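**Q** here is my input, please return the structure:
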Amino acid sequence: MAFHTLEIEDEYDFEIIGVSSHEKDYRLAWSLNKTLGWRLVRIEDAVVEGKRSTTHHARFRWTHPVDQTVFTLIDNKTPDGTFMPELIQFDYLLKIEQPSESVMKKLQSGLRNTDFVLAFQRQEVDKLKHKDILLDENR
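**A** Okay, the predicted model is just below:
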C-alpha cells in the first residue's frame, strides 16, 4: 500500500510595512488617522509566548468601508521582547490585508506625509521567518 503526503502551504494575502517612530503607539495611530483619514481603534493586544517570557503588543485596527482592506498597526517592540525578531529595526509593523496595488501606492504616499513616521519599508512576506504569527488573528 502506498502512502501519499499532502503538503499544504499557508497563503499570505497581506503586506507588511515596517515603520520607525519614536512616538507612543496611540500617538502614531492618531497621526495615521489624521493624515490618511483612517479610524484605527485599539483592539486586544497580540500575545507572544516565548521560551523565557510572554510579551503583549498593542494593536490598532481599521477596515476600509469601501474596499474592505484591513489595516492593523502592531507595536513591534516592548521592554519585554519583540513581536517579530527579524524586524527588530522597526518600532511598528503595519499589516495590510487584501491590498490592491493602488492602495499600497496611496499608503506609501500617505506615510511620507505622516507626522511621527521617521522611516518605513515594505517587507517581502515570503522571506519573513516568523510570518505565521501574523496569520493567527487571536494573537
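**Q** got the confidence number for D126?
**A** What the model reports for D126 is a pLDDT of 86.
**Q** a strand runs through it, doesn't it?
**A** No - under DSSP: H, G, I helix; E, B strand; the rest coil, D126 sits outside any strand and is assigned helix.
**Q** my guess is it contacts D13. True?
**A** No - under the criterion of C-beta atoms under 8 Å, D126 makes no contact with D13, lying 12.0 Å away. Just so you know, the C-beta spots here come from the backbone N, C-alpha and C atoms, and that holds for glycine as well.
**Q** those two: which has the busier surroundings?
**A** D13 (10 against 7; other C-beta atoms under 10 Å).
**Q** hang on, isn't that one packed against I96?
**A** No - with contact defined as C-beta under 8 Å, D13 does not reach I96; the gap is 10.0 Å.
**Q** quick one: the strands in the chain?
**A** Along the chain, the segments classed as strands by DSSP state E run 14-20, 41-49, 54-63, 70-75, 77-78, 81-82, 92-97, 119-123.
**Q** mind putting those strands in a markdown table, mean pLDDT included?
**A** Listed next are the strands of the chain as a markdown table, based on pLDDT from 0 to 100:
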| stretch | mean pLDDT |
| --- | --- |
| strand 14-20 | 96 |
| strand 41-49 | 94 |
| strand 54-63 | 96 |
| strand 70-75 | 97 |
| strand 77-78 | 92 |
| strand 81-82 | 91 |
| strand 92-97 | 96 |
| strand 119-123 | 96 |
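**Q** okay, the ones you listed in a markdown table with mean neighbour count next?
**A** Putting those into a markdown table (neighbours: other C-beta atoms under 10 Å) gives the following:
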| stretch | mean neighbour count |
| --- | --- |
| strand 14-20 | 19 |
| strand 41-49 | 14 |
| strand 54-63 | 18 |
| strand 70-75 | 21 |
| strand 77-78 | 16 |
| strand 81-82 | 17 |
| strand 92-97 | 21 |
| strand 119-123 | 15 |
